[in-house]
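A.B. asks: kindly return the folded structure for what I paste below:
(one chain, ligands or ions: 1)
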Amino acid sequence: MDFSLSEEQELLRKTVREFAEAEIGPHAREWDEKQEFPREVFTKLGALGLMGVVWPAEYGGSGMSTLDYAIVMEELARVDAGVALSVAAHNSLSSGHIFLAGSEEQKKKYLTPLARGEKVGCWGLTENSAGSDAGGTKTTAVRDGGHWVLNGSKTFITNGRVADTAVVMAVTDRAKGNKGISAFILERGMKGFRSGKKEDKLGVRSSDTSELIFEDCRVPAENLLGQEGFGFVDTLKILDRGRIGIAAFSIGIAQASLEASMTYAQGRRQFGHPIADFQAIQFKIADMATKVRAARLLAWHAASLRDAGKEHKLESSMAKLFASEAAVEIALDAVQIHGGYGYLKEYPVERYLRDSKLGTIGEGTSEVQRLVIARELLHLKGMVR
Ligand SMILES: Cc1cc2nc3c(=O)[nH]c(=O)nc-3n(C[C@H](O)[C@H](O)[C@H](O)COP(=O)(O)OP(=O)(O)OC[C@H]3O[C@@H](n4cnc5c(N)ncnc54)[C@H](O)[C@@H]3O)c2cc1C
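C.D. replies: Predicted coordinates for the structure are as follows:
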């Protein structure tokens, strides 16, 4: 087993790190406070090829691997987890669904501008009463001649107010349960489609999160994405890659927490010594670094399996579960190492703590990951997001 990165991957890491530190880092605190980042950031990320990391060049993408995508995600989240989350929803959920299930025509029309960063995407599965139990989707799509008519709403949608293109799940045949949910591509400006309330969040605040509302929204029949009734089935496949991304997102926050803690512990003096001289602090840093490394190896392993075309549902869920829970612990330790200063906005670790919590909730909570892992290990049946 060789866990080292190739020269190209090291270069990718360096490029994304330099970009994030120069273009995003200086604004991270302000964007966290304002709860938004400028649209122009997406354009710049697009110019670097980061809005279509894994899609083939023929669809405007960068043709990179899932491991490359994990590197990108980690480096963005290390600097601004909100930006990273928006990029993740755009890349792996919205574009990912179109790449997986779209016709050639749909890929050319919708995926290409998304992958180039000319357009921004969002992905709507979650509803008020259908979260972990996404099969409980209430939004309906009823066929009417050459159109589908959508009614209902989605909640917690990343990029919900900024996206140009939305992939939305709706029930097309209630009697078929999970197999009666279909996916549709919606465009901003379609009559009857609008964004709703913007959510005021604990963390990942620079990322836009809002409702999507459909009121007799007439969607052309050719915008059905994938086979009718396969929206939820495809969702489960999309989340396998998505979870590697959320694992990497968590690792980025954890890495930032570790780095900030090491710098602080070497500079802060108490009792005539840098606090890094105290074994209690050293042990915390040793544990933090070990967890970061373990999380990264789990995520890279899942990514490598995917890149090799192998089954990786179990590994993706394990990576997401471990990395996201470790990130919360690590960020909490980082605040502790900073003492009272860790509690102030002047230091970034309080933001890391707030941001880290999303990893244990988005794209399937920790409890749902445990359900997926147990079901895979015990060969239990059942569909869970
Ligand atoms: C910032 C943010 C961005 C998001 N972005 C998107 C997006 O872009 N698109 C999208 O579709 N969704 C998005 N989501 C929604 C996210 O995926 C859901 O919040 C998540 O899946 C949990 O659903 P819920 O919030 O309804 O919680 P619930 O499902 O109501 O869960 C509440 C609690 O019950 C537990 N629980 C539920 N069922 C079980 C069970 N069977 N066994 C054990 N415990 C259980 C959960 O783990 C959790 O602890 C986002 C959420 C956030 C916070």
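A.B. asks: for the ligand, what are the nearby residues on this structure?
C.D. replies: Within the chain, the positions near the ligand by CB under 6 Å from any ligand atom are 89, 123-126, 131-132, 156-158, 201, 204, 209, 358, 361-365, 367-368, 371. To be clear about C-beta, it is placed using only N, CA and C from the backbone, and glycine gets the same treatment.
A.B. asks: at 5 Å what do you get?
C.D. replies: 89, 125-126, 131-132, 156-158, 209, 362, 365, 367 (CB under 5 Å from any ligand atom).
A.B. asks: which among those gets closest to residue 216?
C.D. replies: For the residues of the chain next to the ligand, the minimum distance to residue 216 (CB to CB) is 19.7 Å, reached by residue 157.
A.B. asks: hang on, that closest one packs against residue 211?
C.D. replies: Yes. Here residue 157 reaches residue 211: they are 6.8 Å apart, a contact under CB atoms under 8 Å.
A.B. asks: point me to the residue of this structure nearest the ligand.
C.D. replies: Residue nearest to the ligand within the chain (CB to the nearest ligand atom): residue 131, separated by 1.7 Å.
A.B. asks: count the neighbours of that residue for me.
C.D. replies: Using other CB atoms under 10 Å, residue 131 has 17 neighbouring residues.
A.B. asks: now the one 4 residues further on
C.D. replies: The number of residues packed near residue 135 is 17, by other CB under 10 Å.
A.B. asks: so it touches residue 181, yeah?
C.D. replies: Yes. Residue 135 is within contact range of residue 181, at 7.2 Å (criterion: CB under 8 Å).
A.B. asks: now for those two: what residues contact both?
C.D. replies: Listed as contacting both residue 135 and residue 181 by CB atoms under 8 Å, 6 or more residues apart in numbering are residue 232.
A.B. asks: need phi/psi at the residue of the chain closest to the ligand.
C.D. replies: Here is the backbone geometry of residue 131 (degrees, to the nearest 10): phi -110, psi -100.
A.B. asks: what do you get for residue 56?
C.D. replies: The phi and psi values for residue 56, taken as degrees, to the nearest 10, are phi -60, psi 150.
A.B. asks: in contact with it, which residues?
C.D. replies: So residue 56 contacts residue 63 (CB under 8 Å, 6+ apart).
A.B. asks: let's see 10 Å
C.D. replies: 62-63, 99, 107, 111, 115 (CB atoms under 10 Å, 6 or more residues apart in numbering).
A.B. asks: these two touch, right, residue 218 and residue 149?
C.D. replies: Yes. Applying CB atoms under 10 Å, one finds residue 218 in contact with residue 149, separated by 5.6 Å.
A.B. asks: only whichever of the residues of the chain next to the ligand are buried, select them in PyMOL.
C.D. replies: Command for PyMOL, covering only those of those found buried under the criterion 16 or more other CB atoms under 10 Å:
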select buried, resi 89+125+126+131+156+157+158+209+362+365
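A.B. asks: distance of residue 237 from residue 192?
C.D. replies: 29 Å (CB to CB, to the nearest Å).
A.B. asks: what about the nearest residue to residue 348 once chain neighbours are set aside, neighbour count?
C.D. replies: Distances taken as CB to CB, 6 or more residues apart in numbering place residue 260 nearest to residue 348, at 6.2 Å, with adjacent residues excluded. Using other CB under 10 Å, residue 260 is surrounded by 20 other residues.
A.B. asks: helices along the stretch 101-250 of the chain, start to end?
C.D. replies: With DSSP state H, counting those that start in this stretch as the criterion, the stretch 101-250 of the chain has helices at 104-106, 112-115, 231-267.
A.B. asks: shared neighbours, residue 218 and residue 149?
C.D. replies: Common neighbours of residue 218 and residue 149 (CB under 10 Å, 6+ apart) are residue 192.
A.B. asks: just the pLDDT at the closest residue to residue 107 other than its chain neighbours, thanks.
C.D. replies: Residue nearest to residue 107 in three dimensions, not counting chain neighbours: residue 59, with 5.4 Å by CB to CB, 6+ apart. Residue 59 is assigned 98 on the pLDDT scale.
A.B. asks: next, the closest residue to residue 79 other than its chain neighbours: secondary structure please.
C.D. replies: Of all residues not flanking residue 79 in the chain, residue 20 sits nearest, at 3.9 Å (CB to CB, 6+ apart). Here residue 20 is helix, with the state taken from DSSP: H, G, I helix; E, B strand; the rest coil.
A.B. asks: neighbours around residue 20, how many?
C.D. replies: By other CB under 10 Å, neighbour count at residue 20 equals 23.
A.B. asks: how far away is it from residue 201?
C.D. replies: Counting by CB to CB, the gap between residue 20 and residue 201 amounts to 21 Å.
A.B. asks: before we move on, what about residue 345?
C.D. replies: Going from residue 345 to residue 201 by CB to CB gives 16 Å.
A.B. asks: what do residue 157 and residue 211 both touch?
C.D. replies: Here residue 157 and residue 211 have 124, 195-196, 199 as joint contacts, going by CB under 10 Å, 6+ apart.
A.B. asks: buried ones among these?
C.D. replies: 124, 195.
A.B. asks: please flag which of the shared contacts of residue 157 and residue 211 sit within strands.
C.D. replies: Using DSSP state E, the subset of the shared contacts of residue 157 and residue 211 located in strands is 124, 195-196.
A.B. asks: can you redo the residues you listed as TSV with pLDDT?
C.D. replies: Shown next, in TSV, are these (pLDDT from 0 to 100):
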residue	pLDDT
124	98
195	98
196	97
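A.B. asks: in JSON lines: the residues you listed, plus distance to residue 223.
C.D. replies: Putting those into JSON lines (distance: CB to CB, whole Å) gives the following:
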{"residue": "124", "distance to residue 223": "14"}
{"residue": "195", "distance to residue 223": "18"}
{"residue": "196", "distance to residue 223": "21"}
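A.B. asks: from the shared contacts of residue 157 and residue 211, pick the one nearest residue 72.
C.D. replies: residue 124 (23.6 Å).
A.B. asks: what about the protein, any weak spots by pLDDT?
C.D. replies: 382-385 (pLDDT under 70).
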